[in-house]
Structure formats: structure tokens, C-alpha cells
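Build me a model:
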Amino acid sequence: MASFFWCYRPRSLRQGVIRSLSLGGSALWLAQATLPDVSSGLAGRTGWLRALGASLVLVCEGAALIALLRVLFGRQCDPRFLEDQGVPPFVARLIVAEARFWRRVVEFLTGR
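Numbering: from 1, shown residues only. Here you go, the predicted structure:
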């Protein structure tokens with residue numbers, strides 16, 4: 001619910017609560033309708049697909065994280081790049097400041 005408010009910033013509290021609850025309810029209904037019951041034999045036979053899917057998601061998320069870190073820890077890191085990606089300006093400045101801080105810590109520890 002908080003992520004919905006943060007991302008979409010509804011006009012009123014009532015509108016935001018209604019949309020959040022409907023979004024959450026839709027997600028629960030979709031999960032119940034599409035995922036097999038735990039007691040069914042299908043879940044036991046296709047357990048390896050869950051592990052395969054989870055590992056694929058981890059690889060994709062890791063690649064995205066590494067790409068983001070390369071941009072943030074680059075020498076010419078600019079908050080405008082993050083703002084162009086849809087990050088609010090205040091958050092973009094905080095992200096860049098944290099990246100600069102950690103770059104300095106790494107440089108201090110490695111002696112570069």
C-alpha cells in the first residue's frame with residue numbers, strides 16, 4: 001500500500017486507499033486462480049520449475065543491480081540521469097551522495 005502511494009501519488013487519501021485495496025485484492029485473486037494448490041500432485045512434480053524461475057529472476061536482478069552500480073559509481077555520475085529514469089529529484093541526489101560516499105570509502109580502504 002505504501003509503495004502504491006509513493007509511486008502513483010493519488011489525489012486524495014480515499015482514492016489512494018480504494019486503489020491500493022483493489023490492486024492488492026486483484027493480485028490475491030490472480031495468485032489464487034493461477035497457482036496450483038499445495039496438496040495437488042502438480043506442485044510436487046513441477047517444483048524444479050520454481051527453482052529455475054527463482055534463479056532466472058536472481059540472475060536478471062543481479063545484472064540490473066550491477067548495471068546500476070556501474071552507472072552510480074562511475075566518475076561522471078549525475079543526478080539528472082536518474083531523474084530522466086523517473087526517480088524523484090530528492091531521491092536521486094540522495095542516491096548519488098551515497099554512491100560518492102561509498103566510492104570514497106572503497107578508495108580509502110584500497111589506497112587508490
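
Go ahead and confirm A92 touches L82.
Yes - under the criterion of C-beta atoms under 8 Å, A92 makes contact with L82 at 3.8 Å. Any C-beta I mention is one placed from the backbone N, CA and C, and that applies to glycine too.

got any residues that touch both of these two?
In terms of C-beta atoms under 8 Å, 6 or more residues apart in numbering, A92 and L82 are not both contacted by any residue.

quick one: contacts for the residue nearest to E83 when sequence neighbours are not counted?
Closest residue to E83 apart from its sequence neighbours, by C-beta to C-beta, 6 or more residues apart in numbering: A92 at 5.1 Å. Listed by C-beta under 8 Å, 6+ apart, the contact set of A92 reads 79-80, 82-83.

Whichever strand or helix holds Q32: which residues count as buried?
Assigned by DSSP states H and E, Q32 belongs to helix 13-34. By neighbour count on 16 or more other C-beta atoms under 10 Å, the buried set for helix 13-34 is 16, 20.

then it to CSV, C-alphas only?
Coordinates of each C-alpha in helix 13-34 appear next as CSV, following Å, rounded to 0.1, in the frame of the first residue of the first chain:
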residue,chain,number,x,y,z
LEU,A,13,-6.4,9.6,0.7
ARG,A,14,-9.7,7.9,-0.1
GLN,A,15,-8.8,7.4,-3.7
GLY,A,16,-5.4,6.0,-2.8
VAL,A,17,-6.9,3.6,-0.3
ILE,A,18,-9.5,2.3,-2.7
ARG,A,19,-7.0,1.8,-5.5
SER,A,20,-4.5,0.1,-3.1
LEU,A,21,-7.1,-2.3,-1.8
SER,A,22,-8.4,-3.1,-5.3
LEU,A,23,-4.8,-3.7,-6.6
GLY,A,24,-4.0,-5.9,-3.6
GLY,A,25,-7.2,-7.8,-3.9
SER,A,26,-6.7,-8.3,-7.7
ALA,A,27,-3.2,-9.7,-7.0
LEU,A,28,-4.5,-12.1,-4.4
TRP,A,29,-7.3,-13.3,-6.7
LEU,A,30,-4.9,-13.8,-9.6
ALA,A,31,-2.5,-15.8,-7.4
GLN,A,32,-5.3,-18.0,-6.1
ALA,A,33,-6.7,-18.6,-9.6
THR,A,34,-3.4,-19.3,-11.3
